[in-house]
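Novice: give me the fold of what follows.
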Amino acid sequence: MNILAIDTSNQVLGVAISKDGELQAEYTANVKRNHSIGLMPAIEYVMEKSNITTDQLDRLVVAKGPGSYTGVRIGLATAKTMAWALGIPIVAISSLELLAYNVREKGVAVSPFFDARRGLVYTGLYQLDHEGMQVLEADQNIAMETWLEQLKRLERPVLFFSQDIDIHEAVIKENLGDLARLPHRIDHLPRPGMLALMGNYYPETPVHQLTPNYIRLVEAEANWLKEQKPHDTN
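Specialist: You can find the predicted model right below:
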């Protein structure tokens, strides 16, 4: 099975190709650029290196968020358009779960996160075991201080992965002390190659039912909903 993986949900632009469960080519760019410009050239690059044409693709897998609203939309729009045009299925996977797969050992609590500004983060709690990645706490948008208080009550070591680790490293260490485990910087980046391999095992989503996983409303939509509330006439 030939699988094309796309991740533009955060700062990292990642594209990969796997064939029959084996990684063929992987492209990663960790720079602050417009993913709408770099995505198609990256797709063409990995397909050329893999010697695979679009008509040979069997499945698409995409990171559906949370993360950058614009980035999530770019990845999903591209993946959905390709899946529809090629008549192939699509698999959508949490961007946080993808990052959690950077863990190197089983039985460890893993907290991947993305900075959501104003002291908030997108995060969840995962653990890898012999059956695969287990979700201990669902993906959510939460104040980092509140999240760390919850993790501290677990009284167990927690491994953190994030491209934004520099923003929150100090508060993590302050709250969890020796319970906080921070790996090497290279491990904080999601791997599109892993996303391609995950596409073999995760369930497909009907292309027209696939929507971004923002977790929280974009600010403009939230403000619009507030304006729709009935005015108090009393």
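Novice: which ones are touching the spatially most central residue of the chain?
Specialist: When the chain is reduced to its mean C-alpha position, the nearest residue by C-alpha atoms, centre = their mean turns out to be residue 95, at 1.2 Å. If a contact means C-beta atoms under 8 Å, 6 or more residues apart in numbering, then residue 95 has 7, 9-10, 63-67, 72, 114, 190, 213 as its contacts. Where C-beta positions appear, they are placed from N, C-alpha and C, glycine not excepted.
Novice: with residue 145 instead?
Specialist: When contacts are counted by C-beta under 8 Å, 6+ apart, residue 145 touches 119, 171, 175.
Novice: who wins for most neighbours among those?
Specialist: residue 175 (17 neighbours; other C-beta atoms under 10 Å).
Novice: residues of whichever helix or strand it is part of that come out buried?
Specialist: Taking DSSP states H and E as the criterion, the element that holds residue 175 is helix 165-176. By 16 or more other C-beta atoms under 10 Å, the buried positions in helix 165-176 come out as 165, 168, 172, 175-176.
Novice: what comes into contact with that helix?
Specialist: Outside helix 165-176, the residues within contact range by C-beta under 8 Å, 6+ apart are 113, 115, 121, 144-145, 148-149, 151-152, 158, 160, 162, 180, 182, 185, 188.
Novice: and stretch 149-169, C-alpha only, in CSV?
Specialist: Coordinates of the C-alpha atoms in stretch 149-169 are reproduced here as CSV (Å, rounded to 0.1, in the frame of the first residue of the first chain):
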residue,chain,number,x,y,z
GLU,A,149,-1.2,20.9,38.5
GLN,A,150,-3.2,18.0,37.2
LEU,A,151,0.0,16.1,36.1
LYS,A,152,1.7,16.7,39.4
ARG,A,153,-1.2,14.9,41.2
LEU,A,154,-0.4,11.8,39.1
GLU,A,155,2.9,11.5,41.0
ARG,A,156,4.6,9.9,38.1
PRO,A,157,7.3,11.1,35.6
VAL,A,158,5.9,12.8,32.5
LEU,A,159,7.7,13.2,29.2
PHE,A,160,7.1,16.5,27.3
PHE,A,161,7.3,17.0,23.6
SER,A,162,6.8,20.3,21.9
GLN,A,163,8.2,22.6,19.3
ASP,A,164,7.4,25.4,21.8
ILE,A,165,9.3,23.8,24.7
ASP,A,166,11.4,26.9,25.2
ILE,A,167,8.3,28.9,26.0
HIS,A,168,7.2,26.6,28.8
GLU,A,169,10.3,24.8,30.0
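Novice: so what's the gap between it and the chain middle?
Specialist: Between the mean C-alpha point of stretch 149-169 and the mean C-alpha point of its chain there is a distance of 17 Å (C-alpha atoms, centre = their mean, to the nearest Å).
Novice: what sits closest to residue 179 if chain neighbours are left out?
Specialist: If the residues on either side of it in the chain are set aside, residue 179 comes closest to residue 157, at 5.2 Å by C-beta to C-beta, 6 or more residues apart in numbering.
Novice: repeat that for residue 43.
Specialist: Distances taken as C-beta to C-beta, 6+ apart put residue 15 closest to residue 43, at 5.4 Å, once the chain neighbours are dropped.
Novice: just list whatever residues bridge to the one you found.
Specialist: Here residue 15 sits in beta bridges with residue 6, residue 27, as judged by DSSP bridges.
Novice: tell me the contacts of it?
Specialist: The neighbours of residue 15, taking C-beta under 8 Å, 6+ apart as the test, are 4-7, 26-27, 39, 42-43, 45-46, 192.
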